[in-house]
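In: Fold the stuff below for me.
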Amino acid sequence: MSKSNRVTGIVIAILSALATLAASGQEVAAIDTATEATAKPAAAAAPADEHLSSPTASVESFHAGLLEIMKEAKALGFQGRIDRLEPLMAQTFDLDFMASKTVGRHWNTLSDEEKRRWAETFTRFTVANYAGRFTGFTGEKFVTLGVEDAARGTRVVLTKIVVPSEDDVQLNYRLIEKNGEWRVIDVYLNGTVSELALRRSEYSSALKREGFDELLASIETKIADLKSKGLRDG
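Out: Just a heads-up that it's a prediction; the model follows:
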């Protein structure tokens, strides 16, 4: 795989692994965390041991884990990458929150069982998509550029991907503190393109147009396709 394709693969993995083929011009402000009862505002003064559970530490731990998986990708194989990615993503992302936001206002119309099934399917698709994208290592590195306060007690960690002989790619992560831990709830490309806004455009439209069972079936098909290709390619 060429370095150009590797860059494309990494960007797609991080920005599109959380869902599927969608395009929208919605901005990051589209996602409102105020409705989350468990959301806590960021403390004005950081405790001495904040580095143990800070927004920056959460993102850097995720990046370190991704690099390890990339370096061992071929030896791990597709299922091995899934096994490594599942706990890494569970500790980094608030996937239940993200799943609820990807269907927009339709979330409140779903039954408890439908919500559970959607969150579980969304999580499996996210992990499988990452496993299918991070298939090798050619000297990439992640660099943290800083952290900024954001709306409603969230923080945005600014980072970039450095790939040899290619342009850097800026990736920003929005995090919220829940139960003393900082979890990612959105990812932005070049600081403006919101992953959740893109996914909400895709999934909420499909849910309204086709219904819940058809939407779920379409994601299950994508998971099966990813696994088939991953097991074939390694």
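
In: hey, where'd the helices end up in the chain?
Out: 3-16, 55-71, 73-92, 95-102, 112-133, 195-210, 212-233 (DSSP state H).

In: Val169: which of the ones you listed is closest?
Out: Ranking the helices of the chain by proximity to Val169 (CB to CB) places helix 3-16 first, at 5.5 Å. Every C-beta, even on glycine, is put in place using the N, C-alpha and C of the backbone.

In: that older thread, in JSON lines, list the helices of the chain along with mean neighbour count.
Out: Formatted as JSON lines, those follow (neighbours: other CB atoms under 10 Å):
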{"stretch": "helix 3-16", "mean neighbour count": "17"}
{"stretch": "helix 55-71", "mean neighbour count": "18"}
{"stretch": "helix 73-92", "mean neighbour count": "17"}
{"stretch": "helix 95-102", "mean neighbour count": "22"}
{"stretch": "helix 112-133", "mean neighbour count": "19"}
{"stretch": "helix 195-210", "mean neighbour count": "20"}
{"stretch": "helix 212-233", "mean neighbour count": "14"}
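
In: could you redo those helices as a markdown table and give each row distance to Tyr188 and mean pLDDT?
Out: What follows is the helices of the chain, written out as a markdown table (distance: least, CB to CB, whole Å; pLDDT from 0 to 100):
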| stretch | distance to Tyr188 | mean pLDDT |
| --- | --- | --- |
| helix 3-16 | 8 | 50 |
| helix 55-71 | 13 | 96 |
| helix 73-92 | 16 | 95 |
| helix 95-102 | 14 | 90 |
| helix 112-133 | 17 | 93 |
| helix 195-210 | 7 | 78 |
| helix 212-233 | 23 | 92 |
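
In: Identify whichever of those helices lies nearest to Arg152.
Out: Of all these, helix 95-102 comes closest under CB to CB, at 12.9 Å.

In: Appreciated, that's everything.
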